[in-house]
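Participant: give me the fold of what follows.
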Amino acid sequence: MYHSARLTAFTPKLVTVFGEGYSLGRFRRDAVAGLTVAIVALPLAMALAIASGASPDKGLVTAVIAGFLISALGGSRVQVGGPTGAFVVVVFNVIAQHGYDGLLLATLMAGLMLIVAGYSGLGSLVRFIPQPVVTGFTAGIAVIIASSQVKDFLGLSMKAVPADFIPKWEAYFGALGSVQGVTLAIGVGSLALIVALRKWAPKWPGFLIAVVVAAAIVALLHLPVETIGSRFPNLPTGLSAPALPDVSLAKLQAVMSSAFTIAFLAGIEALLSAVVADGMIGSRHRSNQELVGQGVANLASALFGGLPATGAIARTATNIRAGAITPVAGMIHAVFLLLFVLFGSALMAYVPLAALAAILFMVAWGMSEHHRFIQLLRMPNGDRALLLLTFGLTVLVDLTVAIGVGVTLASLVFMMRMSRTVEIANDRSGEVREGESEEIDQRDALPDGVEVFRIDGPIFFGVANELLDTLRRIGRSPRVVILRMRRVPLLDASGVTTIEEIVRQAASANTRVILSGLQSQPRAMLERVGLGAGSERVVLCEDFPAALRAAAAITAASSGAANLD
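Facilitator: All right, here's what the predicted structure looks like:
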């Protein structure tokens, strides 16, 4: 049974779909959806590649190779993959620091990391990354993408654009006098056309229409506007043969952190996209197989000279709205893009860069999730601080730092909040709790020399010291201490050490410790350190009444011994 479930978890959805039966009617729906997504992905792939510091053909190669494999090998029925805005920042930085070969090596390493993560079952862990961290660095990436397009949108005359955010804007303001009116008009017109089509004709491919119209105007009127052809005069056509980049130990070490960032972003975005798709079609993706598919796709993309790739939420949603019902739609989208690469890539030369900048402004706006960002600003201080810190680090420092700090602080905030939910209370008050009314008489009749403490919640390292401090505040050494642990679901290593310390201190003061109502996990943890059933150092009781009887017996025995003395 276990092996069957594991085999299913690592079976691509394409295999499942073919097992269900694949009809001609399904193929027609998938083909229409694939063509629709290809029309959307064509200008987007070129724009994202240029924004990443690569040539536009690299974006198309990525959409073809990785897009096909993400659909064919992934764990989602309708996921569409390719280059995305999330990678723009990290790809740009890797190319600037280590060259394009360094990017290919980082992408290969990221692919291997994703495959290992998938087969290790880490796909389900991604959902534990809190929303403020995801929104913070996604919004930060959106700001960086939009900032990177100002030069092309305004037609500024600049030798080089600084990589860092603040120097970049200082350079922009210094070059404002060189704004080219014609370029700005093309950019604004393209942006206005995209916005208008989204409002009044949302089913039309606004990106492609804007690019075609802008290219036609520039070509027919011979406008002095920078185009893909003028910036990249020697663009290759078709697909190159697969090849490995140069590999050395020094280069592996140099791009390791970038590879981790690429893998992390690919996993996050792919699984978020798959979750969105599940909600739209009422299905359920296989998270670990999705990571495996993403890993293979990134390996192949790097071998063919492409960029990092992942599942794209906007293209996946477009795929679903166009009628896709199986992974074949995503594969067909890649085939249509391949046909353009083979037979129509010469047309890329006429596309004005200002039009692509307009597309990326729209991509950045969609990535910013401004509604969710504003919503999170109304959350408690911890969530708000986490959001703003992750956002600020992404924009001003580095994406890798932002991810590391964000996830670490989110974990600390969570543990702090968990520690506040744990209640450690002296139980002599007679307070009645739900399901405990039958224990009131026993609690009121506690023998002299017996202290009772009730613990509600997990005992982990965040609350272990608090438990010790609470017991130390007794101010005297009772004959018996009862720890009521029926409401303790979990005991970690620090919690076990704390219980051991309590038992040790109690023994030095001639105090016996009784643990009542242990659940299975805390009981198993204590047995590992010799505090289980049969231990001479501690008394275990099934429930509180049994603990009271044991305490009475212990106090009676100690009183009898004192009288004999």
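Participant: so what's the backbone phi/psi at Pro352?
Facilitator: Torsion angles at Pro352 (phi, psi; degrees, to the nearest 10) stand at phi -70, psi 140.
Participant: likewise Gly323?
Facilitator: Main-chain torsions, Gly323, degrees, to the nearest 10: phi 110, psi 10.
Participant: all further residue positions should be reported with the first residue as 5.
Facilitator: I'll keep to 5 as the first residue from here, and by that count the last item is Gly327.
Participant: what about the closest residue to it other than its chain neighbours, is that helix, strand or coil?
Facilitator: Setting aside the residues directly before and after it, Gly327 is nearest to Arg33 in space (CB to CB, 6 or more residues apart in numbering), at 4.5 Å. Just so you know, the C-beta spots here come from the backbone N, C-alpha and C atoms, and that holds for glycine as well. When classified by DSSP: H, G, I helix; E, B strand; the rest coil, Arg33 comes out as helix.
Participant: quick one: contacts for Arg33?
Facilitator: The neighbours of Arg33, taking CB atoms under 8 Å, 6 or more residues apart in numbering as the test, are Gly327, Ala328, Ile329, Ala333.
Participant: of those, which is the nearest to Ser234?
Facilitator: Closest approach to Ser234 among those (CB to CB): Ala333, at 35.6 Å.
Participant: so how far is Pro47 from the closest one?
Facilitator: Distance, Ala333 to Pro47, using CB to CB, to the nearest Å: 19 Å.
Participant: equivalent analysis for Val93, please.
Facilitator: For Val93 relative to Pro47 (CB to CB), the value is 20 Å.
Participant: for Ala37, see how far away the closest residue to Pro60 other than its chain neighbours is.
Facilitator: Leaving out its chain neighbours, the residue that sits closest to Pro60 by CB to CB, 6+ apart is Met50, at 3.7 Å. Distance, Met50 to Ala37, by CB to CB: 21 Å.
Participant: would you mind listing where the stretch 255-404 of the chain has pLDDT under the threshold?
Facilitator: 403-404 (pLDDT under 70).
Participant: quick one: the helices in it?
Facilitator: Assigned by DSSP state H, counting those that start in this stretch, the helices in the stretch 255-404 of the chain fall at 291-307, 317-325, 332-347, 357-372, 374-380, 385-400, 403-425.
Participant: include mean neighbour count and distance to Leu253 when you put these into TSV, please.
Facilitator: Listed next are these as TSV, based on neighbours: other CB atoms under 10 Å; distance: least, CB to CB, whole Å:
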stretch	mean neighbour count	distance to Leu253
helix 291-307	26	18
helix 317-325	22	37
helix 332-347	21	35
helix 357-372	23	36
helix 374-380	14	42
helix 385-400	19	30
helix 403-425	16	21
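Participant: so what's the residue count around Asn97?
Facilitator: Using other CB atoms under 10 Å, Asn97 has 19 other residues around it.
Participant: quick check: it touching Ala167?
Facilitator: Yes: at 6.7 Å, Asn97 and Ala167 qualify as touching, with contact defined as CB atoms under 8 Å.
Participant: residue ranges with poor pLDDT in the stretch 455-569 of the chain?
Facilitator: Looking at the stretch 455-569 of the chain by pLDDT under 70, you get 465-480, 563-569.
Participant: show me the strands in it, by range?
Facilitator: Applying DSSP state E, counting those that start in this stretch to the stretch 455-569 of the chain gives strands spanning 484-491, 516-520, 543-545.
Participant: strand partners (parallel or antiparallel) of the first one?
Facilitator: By that I understand strand 484-491. strand 454-460 (parallel), strand 516-520 (parallel) (DSSP bridges).
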